[in-house]
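>>> Here's my sequence, what's the structure:
(2 chains)
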Amino acid sequence: MTDITDRQQLSYIAAQAADARVNLELETEGMTLNIGPQHPATHGTLRIVAKLDGEQVIAADPVMGYMHRGYEKLTEVRTYPQVTTLINRIDWLGSFANEVPFILAAEQLMEVEAPPRAQWIRTLLFEMSRIANVVLFLGDMAVQVGAVTPVFFAFRDREHILNQIEAATGGRFHPNFDRIGGLKDDLPAGWVTETKQVMKKMRSFCDEIENLVMGNEIFQARTRGIGVIPADIGLSYGLSGANIRGSGVDWDVRRDNPCGLVYDELDWRVWTHPDGDSFSRFWVRLQEVREATRMVDQLLDGIPAGPVMAKVPRIIKVPAGEAYVETENPLGVMGYYVVSKGDLVPYRVKIRSASFNNMSITPWLLKGVYVPDIITILGSLYFILGDIDR
Amino acid sequence: MIAELSYWQETAIRVGAGLGAVLLVAGTLVYVHLFKMVSFMQSRLGPMEAGPYGSLQLLAEVGKHLQKEDIFPRKADRFVFAAAPFVVLASTFLLVVVVPGGPDAWFVNNDVGIYLAMAVSSVSVIGILMAGWGSANKYSLLGGLRATGQLIAYELPLILAVVGVVIQAGTMNMQGIVFAQAEGEIFGWGGIGNPYILTQGVAFLIFLIAMQAELTQSPFDMPIAESELVSGYMTEYSGMRFLMFFIGEFATAGVFSAVAAVLFLGGWYIPGIDPTDNIMNVLGPLVMFAKIVILTFLVFWVRFTFPRFREDQLQRLAWKFLIPLSLANIVVTAIFKVWI
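Modelled structure (predicted):
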């Protein structure tokens, strides 16, 4: 693992030295390439200022903030139930997962606990939003390296999941379903059997992607050994989620600190890959989708009976105090630090979103790679602009 | 009948037929492959509204592009920028002239036909470099330079693959190559002639791979690379000039497939019909058309399935694998030709 990085860095230094000699004679100049904010590979409005020498990157600097929507400030003028509407839009592909940690933090402050049925359904929808989110990555990664077709399969099969989420919550992308003390509603009739069918479809989608994309020699040539993140460097930049598990670090908040979700009662495992390159990040995410479908199956079988809402006051006033809750969201660890002064509205909410930290490694990672690899690496880090800029 | 026409009449017919051969084929390929086959691969329907099953969609697209403003970037080299699409398209039209469609249905019956084809096919590189440089856009420049490196690298295996066929046929005349295949025999059996795909299978594969690269179709679409270079050398083009690049892409795919069909699949002849029979002037173009559609099907099937190579991987494939393989193929072919 470390060798590949060393080689990458060494070849970069050697190329630099050689070019410096050429530059003395020919006085060639580098070129500054603005990738974004309007660029097909940036999933929105990320801008990367890359200084190029030929096609090799000398330095790359991500410029964030083109989509800053000020959610942390906005939460201060919204009541607690209203906040979920905002934070739904942080990671817009796995919306329900954004609501959960905030609600858990508020519940912690109010010392309310959701009834078991609500906890199970929360975990269920959490994992389904993970599938809905990561499935799109699996197709999109293929687009980043140049294959057009897999992303259509991803959109096609994600539709099944979104239909189920819509059937249960009423919203395809922004469910706004989680409430302090439980959930808005119970599951509709017949939903459990339908969802089981959908999980079968998702597993066959994973097999399809494994054959079509992961088994492809060109895909492997493009991703193996590209963008290698050693475990210690990754940890020092605060990477989380599949990005750090792709570097062989066995860290998953779902297992280590499930706080309020029922992961302890399920039979599942955390997937890691030792290589730390773009391929391993793809591989880990594919395995996690598979694992999530299995978890959803178990959750569907084991939902306990009972109410979905605990007794909470009609007007929610959260007692003064501070709470930090983090969960393992589709993009990585997401946490909310909620400070309350006993008001209707939070005094301050700090959002720790996964993509912001995952992005921060790019200047280190992009040094010395070629232009096509910028796209592969950015694709494999898998960020969502809403999650970076909030 | 053609012999009874005067020279200018005959020339006019041949020129008109050449234009038709390029544009009709390109239109068919856009509809059959880009609009429909790929849509079915990607679980979509493709265009359905314009005409029956969307068959007039291309006309609608052309009409739309014709109406668009012809935008020049402020810093563009205006003449070079404006001329580039014409150079690219000219290469395609020059390439088609050597492709025969029947015993008399040819555009130019030249004794160095395939040599001419290989020569004019490189003209498009100049057009692409002009587009990349003239756009005054960094993405275009990167795309243009990548395209130049790639097209020059894959020109070699393309030509070397053809050499095997030329050795076996003993002529560079495209018509002669068709006749050589039509009159050939497989171990003394002349039932279907001897299409060179049987003896030159390796050359055929090399030709297909190099053709894919020459057409800058995925997995060799590094010069266009939508996800990184926006649209490569075409980024700044709009309206009619973009349309010319777009049609050029499909027309060139059709014409290269036609060349491949002549060289390896037997061209226009039909087994069992005398190749000099006058009926072949009607049937021959249809046979060629069918072969073009089949070969371009392969091209677009691969294009929409595979990810793209990186620049260095692409060069490595050309120089370290395809060129040595095609040289070996030439040596083996020559040995068989001389001693056996």
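
>>> Mind checking the pLDDT average for stretch A:184-201?
Averaging pLDDT along stretch A:184-201 yields 88.

>>> With chain B in mind, check whether that stretch reaches it.
No - contact between stretch A:184-201 and chain B is absent, the nearest approach being 13.1 Å (criterion: Cβ under 8 Å from any Cβ of the partner chain). Yep, even glycine has a C-beta here, placed from its N, CA and C like the rest.

>>> List the contacts of that stretch.
By Cβ atoms under 8 Å, 6 or more residues apart in numbering or on different chains, the surrounding residues in contact with stretch A:184-201 are A:117, A:121, A:128, A:157, A:160-161, A:163-164, A:167-169, A:176-178, A:293, A:296-297, A:300, A:303, A:308.

>>> among the residues you listed, which are in helices?
Among the contacts of stretch A:184-201, the ones falling in helices (DSSP state H) are A:117, A:121, A:128, A:157, A:160-161, A:163-164, A:167-169, A:293, A:296-297, A:300.

>>> Just want the most central residue of chain B.
Among the residues of chain B, the smallest C-alpha distance to the mean C-alpha position (Cα atoms, centre = their mean) belongs to B:F256, namely 2.2 Å.

>>> Bridging across strands, which residues link to the residue lying closest to A:G36 once chain neighbours are set aside?
Distances taken as Cβ to Cβ, 6 or more residues apart in numbering or on different chains put A:R47 closest to A:G36, at 3.9 Å, once the chain neighbours are dropped. Beta-bridge pairing for A:R47 (DSSP bridges): A:V63.

>>> Can you give me the distance of A:R47 to A:G238?
Applying Cβ to Cβ, to the nearest Å, the value for A:R47 to A:G238 is 21 Å.

>>> Without its sequence neighbours, what residue ends up closest to residue 267?
Here I'm looking at chain A. The spatial neighbour of A:D267 that comes closest, neighbours along the chain excluded (Cβ to Cβ, 6+ apart), is A:Q298 at 6.6 Å.

>>> Not quite, go with chain B.
Nearest-residue entry for B:G267: B:V178, 3.6 Å, with adjacent residues in sequence omitted and distances by Cβ to Cβ, 6+ apart.

>>> just B:V293 next, same as before
If the residues on either side of it in the chain are set aside, B:V293 comes closest to B:V32, at 6.5 Å by Cβ to Cβ, 6+ apart.

>>> Give me the distance from whichever strand or helix holds B:A334 to the chain's centre.
Under the criterion DSSP states H and E, the helix or strand holding B:A334 is helix B:323-339. The gap between where helix B:323-339 is centred and where its chain is centred comes out at 25 Å by Cα atoms, centre = their mean, to the nearest Å.

>>> From the contact counts, what lies against that helix?
Contact analysis of helix B:323-339 by 3 or more Cβ pairs under 8 Å, 6 or more residues apart in numbering or on different chains; DSSP states H and E lists helix B:138-169, helix B:201-214 as its packing neighbours.

>>> tell me the angle the shortest one makes with helix B:323-339.
Looking back up the chat, that one is helix B:201-214. If you take axes from the mean of the first three to the mean of the last three Cα atoms, to 10 degrees, helix B:201-214 sits at 140 degrees to helix B:323-339.
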